[in-house]
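Need a 3D model of the following:
(chains A and B)
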Amino acid sequence: MSAAIQVRGLEKSFKDLHVLRGVDFEVERGSIFALLGSNGAGKTTAIRILSTLLRADAGSAVVDGHDVAIHPDQVRAAISLTGQFAAVDDKLTGRENLVLVARLRHQPEAGRIADELLERFALTEAASRRVVTYSGGMRRRLDIAMSLIGAPSVIFLDEPTTGLDPEARNEVWATIEKLAEHGTTVLLTTQYLDEAEQLADRVAILHHGRTIVNGTLAELRALLPAATKEYVEKQPTLEEVFFALTGEKHEKEGQET
Amino acid sequence: MTTRFLRDTATLTGRSLTHILRSPDTIITTAIMPIAFLLLFVYVFGGAIDTGSGVGQGSYVTYLLPGILLITIASGISYTAYRLFLDLQGGIFERFQSMPIARSSVLWAHVVTSVVSILVSLVLVVGVALLMGFRSGAGVLEWLAVLGIVVLFTLALTWLAVIPGLTAKSVDGASAFSYPLIFLPFISSAFVPTSSMPGPVRVFAEYQPVTSIVNTIRALFAGAPVGPDIGVAMAWTVGVLVAAYAIAMVVYRRRIS
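Next up is the predicted model:
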């Protein structure tokens, strides 16, 4: 079986700005692949090309067996995009957002699909509230829930945890892991090494528009300088302080509002 | 393909109509300025205005209403551009574009919503005019003809509004374009007969589209023969509609590719 995503020699420029200079990678079906890079490395541009929002200048990208430039319609039928900023409709309720996407994906029983997803993403209580009242984590969960409708075989997540607090981030991580367990291919971008480490089967590092490293975590570690021993007093991280103080790591968000 | 287009457009129109129902202020503000003009011209200036002995004689409100209807449409389309602009800014637009939906349904949903909301504003304006003494000898057929002209004119201006909605750089830019359109009726037969105007102004007034449309609606309201004006009115409206649609589609395709 061929790879879910095949990218070869992808290039893209905006006027004089060469955002992508040669991106190559493959993503196996049912795996989680992380595109790691700093701001401006070209992660979002790569995602936009793969999700048919942008045309590449050179190179090829094949998603679920369809070339994005030649058969964008087939690609769109196979994918789902969760962009960098939660793509939800503020003026509609959470349930209406889900029903809207279910209808646009021509699913029978849009209402039942919406209710199931609300349940699965712990949004049932907030279902009839307008999304404008949701917290950042709730918006992200709704956003990801909307991306699951129609069971796309490939899901793109562009910086899914940027701007979230640690608690909401852990929830999103758990959601992504569950997706891959069900056989969905996940391509995510991130600025954080620990996020890639936590989630991804394979990682590519994108730097100045080129994929400079591509491999499993073990392969990546082998490239790092050898470990050295240093004795330092370990300060708790803000995250550890946060969880120690709140002590409610698994409490559902939004219930206090 | 066609059924998919109709279905997706209906779904997305339902979405934007829900937005309007949740904040009906745009329908009311669209109607307020034309109603203010109606009051001002009938009760303040009207006594001094001699509308001559043509069609629509008798009460000034009856003479004035056709032009006021066109002003209502012109002020309504600034919201069309505004809503489209805001939609494009949010992430939801990119979500729609990465989904397997009919490509132009996003635009058509805005257009249908614009026509529906402007028709509601027009009903409000006609209601006020009736309270102010507007009377019409028009039968069902004439009213249907008026409705047809009004809908066609609304469609033409709505497609015109789509262009700044797609290209504007700021919210102000998206809605400011409609101001000249709102004032076009003042240099036409809408408020005073063109025969009372000095040479060059009169030439402009007689050859610009508003005069022929106003004269046609005025004749229909009076139950009088419409004459050649209806041909000129149709030519202008359909011409603007076709040109605006063509340009808007080119701009849209460029924007989404």
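
residues touching residue A:23, list them.
If you count contacts by C-beta atoms under 8 Å, 6 or more residues apart in numbering or on different chains, residue A:23 has them with A:7, A:9-11, A:42, A:46, A:59, A:206, A:209-211. All C-beta spots, glycine's among them, are computed from the backbone N, C-alpha and C.

Go ahead and list the helix or strand containing the residue lying closest to residue B:17 once chain neighbours are set aside.
Excluding the flanking residues, the one nearest residue B:17 by C-beta to C-beta, 6 or more residues apart in numbering or on different chains is residue B:113, at 5.7 Å. In the assignment (DSSP states H and E), residue B:113 maps to helix B:105-131.

And for residue A:156?
Per DSSP H and E: strand A:154-158 holds residue A:156.

Contacts only, for the residue of the stretch 1-150 of chain B found nearest chain A.
Nearest residue of the stretch 1-150 of chain B to chain A: residue B:91, at 3.4 Å (C-beta to the nearest C-beta). The neighbourhood of residue B:91, defined by C-beta under 8 Å, 6+ apart, consists of A:83-88.

ok, and which of those residues reach chain B?
A:83-88 (C-beta under 8 Å from any C-beta of the partner chain).

now, among these, which is nearest to chain B?
Among these, and counting by C-beta to the nearest C-beta, the member closest to chain B is residue A:87, at 3.4 Å.

Residue B:97 is in contact with that closest one, correct?
No. Assessed by C-beta atoms under 8 Å, residue A:87 is found out of contact with residue B:97, at 10.2 Å.

Who has more neighbours out of those two?
Each of residue A:87 and residue B:97 has its neighbours counted (other C-beta atoms under 10 Å in any protein chain shown); residue A:87 has more, 23 against 19.

got the contact list for the more buried one?
When contacts are counted by C-beta under 8 Å, 6+ apart, residue A:87 touches A:81, A:143, A:146, B:90-92, B:94-95.

Tell me which of the residues you listed fall in helices.
Counting by DSSP state H, the contacts of residue A:87 place A:143, A:146, B:91-92, B:94-95 in helices.

Lowest pLDDT pick from those residues?
The weakest per-residue confidence within the ones in helices among the contacts of residue A:87 falls on residue B:91 (78).

That one and residue A:67, how far apart?
26 Å (C-beta to C-beta, to the nearest Å).

quick one: pLDDT of residue A:63?
With respect to pLDDT, residue A:63 scores 92.

how about the helices in the stretch 1-150 of chain B?
All helices of the stretch 1-150 of chain B, identified by DSSP state H, counting those that start in this stretch, fall at B:2-22, B:25-40, B:60-89, B:91-97, B:105-131, B:140-167.

out of the ones you listed, nearest to residue A:188?
Comparing the helices of the stretch 1-150 of chain B against residue A:188 with C-beta to C-beta, the closest turns out to be helix B:91-97 (16.3 Å).

and the closest one, how far out from the chain's middle?
Relative to the chain's own centre, helix B:91-97 is displaced by 28 Å; criterion: C-alpha atoms, centre = their mean, to the nearest Å.

hmm, who's touching stretch B:243-257?
Stretch B:243-257 is touched from outside by A:53, A:55, B:88, B:97, B:103-104, B:107, B:156-157, B:159-160, B:162-163, B:166-167, with contacts defined as C-beta under 8 Å, 6+ apart.

Quick check: buried residues in that stretch?
The neighbour-count check on stretch B:243-257 (16 or more other C-beta atoms under 10 Å in any protein chain shown) flags B:244-245, B:248, B:251-252, B:256 as buried.

for that stretch, what is the average pLDDT?
89.

which residues does the closest residue to chain B within the stretch 151-257 of chain A contact?
Closest to chain B within the stretch 151-257 of chain A is residue A:156: 8.2 Å, counting by C-beta to the nearest C-beta. Residues counted as contacts of residue A:156 (C-beta under 8 Å, 6+ apart) are A:47, A:50-51, A:79-82, A:187-188.

if you look at those, which of them are in strands?
Among these, the members falling in strands (DSSP state E) are A:79-82, A:187-188.

Please spell out the PyMOL selection for the buried subset of those residues.
The PyMOL command for the buried members of the ones in strands among the contacts of residue A:156 (criterion: 16+ other C-beta under 10 Å) is given here:
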select buried, chain A and resi 79+80+81+82+187+188
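
tell me which element the residue lying closest to residue A:45 once chain neighbours are set aside falls in.
Leaving aside its sequence neighbours, residue A:45 sits nearest to residue A:19 (C-beta to C-beta, 6+ apart; 4.7 Å). Assessed by DSSP H and E, residue A:19 sits inside strand A:17-27.
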